[in-house]
Structures are given as C-alpha cells and as structure tokens.
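K.L.:
Prediction below, plus the sequence it came from.
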Amino acid sequence: MIIWGHKGYKKLLGTSGYPIDCSHCNNQQAWQLLEVGKKFTLYFIPLFPYGRKYYLTCPVCGSGMEVDKKDLPNYLSN
Ligand SMILES: [Zn+2]
C-alpha cells in the first residue's frame with residue numbers, strides 16, 4: 001500500500017524594502033512577502049511543493065494581496 005498525502009506550508013520570503021500604507025489598519029510598515037502552498041508527501045516525507053501562491057501582507061493586521069511570482073523581485077528589498 002502506498003501512503004501519500006499533502007501538507008500545507010507557509011514560508012516568509014522577506015519584507016518589502018519600503019513602507020506601504022495599509023488601507024485596512026492605517027499603519028505604515030514594510031510588508032511581508034509570503035509563499036503559501038502545499039507539499040506532496042509520500043510515506044509522510046514531503047517531496048515537492050505545488051499550488052504555490054505569493055502574498056504581500058501587512059504585518060499588523062494580516063490583510064494583503066496576492067502577487068505574481070515574476071513581480072516578487074520588485075517587492076523584495078534584497
Ligand atoms: Zn494592516
């Protein structure tokens with residue numbers, strides 16, 4: 001019997017190099033860039049990620065927006 005499954009993960013890629021005004025909580029902060037996705041697992045060993053999405057989020061209230069992977073370098077400070 002083959003045991004497979006999937007597991008969600010969240011990875012902090014970095015923060016924006018400039019402050020962004022949050023229209024939700026009205027704070028001005030460097031926002032966090034997150035990679036959110038799932039990992040395919042076989043016998044409970046994570047093998048490869050799929051369904052990856054990228055989000056720019058406010059560190060104060062957690063609201064944010066989805067960004068394209070190709071735009072990530074525009075947001076990252078390093
Ligand atoms: Zn906010």
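P.N.:
Here it is on my side, so go on.
K.L.:
tell me which element the residue nearest to Arg52 when sequence neighbours are not counted falls in.
P.N.:
The shortest distance from Arg52 to any residue other than its chain neighbours is 3.8 Å, reached at Gly37 (Cβ to Cβ, 6 or more residues apart in numbering). Every C-beta, even on glycine, is put in place using the N, C-alpha and C of the backbone. Using DSSP states H and E, Gly37 sits within strand 28-42.
K.L.:
Spatially nearest residue to the most centrally placed residue in the chain (excluding sequence neighbours)?
P.N.:
Ranked by distance to the mean C-alpha position of the chain (Cα atoms, centre = their mean), the top residue is Leu34 at 2.0 Å. Leaving aside its chain neighbours, Leu34 sits nearest to Tyr55 (4.8 Å; criterion: Cβ to Cβ, 6+ apart).
K.L.:
between the top strand by length along the chain and strand 28-42, how big is the angle?
P.N.:
The strand that spans the most residues within the chain, counting by DSSP state E, is strand 4-21. Per axes from the mean of the first three to the mean of the last three Cα atoms, to 10 degrees, the angle that strand 4-21 makes with strand 28-42 is 170 degrees.
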